[in-house]
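A.B. asks: quick one, fold the following:
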Amino acid sequence: MSWFSEFARSSLGKKFFMAVSGLFLISFLIVHLAGNLLLFQGPAEFNEYSRFMSNSPLIRFMEILLAIGFLAHIVYAYILAYKNRQSRPHRYAVKNNSPASFASRTMPFTGSFVLIYLIVHINSFTVKHRFLERENTDFYRTVVEAFQYGWGGFYWLFYVIAMAILAIHLNHGFQSAFQTLGFHHNKYTPLIKKLGSLIALAIPAGFASIPIYFYFFAPKI
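C.D. replies: This next block holds a predicted model:
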């Protein structure tokens, strides 16, 4: 067995790949948010961006990498959570005095909810335009209709709640990733924590602003 295989099978290796995939997914969220904010520019700008995303071979390749990143992050997350539970079979026998934060303790739950949101999100937009309604190129209208009328008028609320949970997940995940990669120093750790908090606030808030705007402030279509 090669050193890489041994490393990948080890607990440290799993944490390493989970950290790297997590940071990769955060970079995707930043780029994806930048594109989605074109919704505020209007139908022409957002539809042009969406058509490019749907037809570019480069984007198809990046989507494969993204899918691998998501799969790796999810698989390693559940493996590590399972092993952690197995290593503490009597975890409820005594009172838990762990100093772990709320975000840290709830990572498996927030991650699971984000996964559910991701499935719903892909089904609502990507599947609809990529497979079910391929001739429909009015991506802008699809998004606005979803936030204004979807699920009886509550889809926007599900989206906002999902972003709040994503914020909790990102807040711990960003800091944890850098710690796993060895960036743990009295000088840099406070900066990483502040940057993590900023990312955890800015990215979900940016995404949440879209359904809030279209449900409460934009003209109905």
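A.B. asks: Arg141: what's it in contact with?
C.D. replies: 43, 221 (CB atoms under 8 Å, 6 or more residues apart in numbering). Where you see a C-beta, it was placed from the backbone N, CA and C, and this is true even at glycine.
A.B. asks: how far off centre is the lengthiest helix in the chain?
C.D. replies: Ordering each helix of the chain by length in residues (DSSP state H) puts helix 57-86 first. Centre-to-centre, helix 57-86 and its host chain are 11 Å apart (CA atoms, centre = their mean, to the nearest Å).
A.B. asks: for that helix, buried residues please.
C.D. replies: By 16 or more other CB atoms under 10 Å, the buried positions in helix 57-86 come out as 69-70, 72-74, 76-77, 80.
A.B. asks: ok, stretch 12-23 next?
C.D. replies: 14-23.
A.B. asks: just the helices in the protein please.
C.D. replies: Using DSSP H, helices in the chain cover 3-9, 11-36, 43-55, 57-86, 102-105, 107-121, 127, 139-153, 155-180, 189-216.
A.B. asks: just to revisit the earlier point, so which of the buried residues of stretch 12-23 is the closest to Gly173?
C.D. replies: Gly22 (5.2 Å; CB to CB).
A.B. asks: so that closest one sits against Ile74, correct?
C.D. replies: No - Gly22 is beyond contact range of Ile74, at 10.6 Å (criterion: CB atoms under 8 Å).
A.B. asks: Leu181: how many residues sit nearby?
C.D. replies: Other residues lying near Leu181 total 13 when counted by other CB atoms under 10 Å.
A.B. asks: would you agree it is in contact with Ala19?
C.D. replies: Yes - in this structure Leu181 lies within contact range of Ala19 using CB under 8 Å: 5.5 Å.
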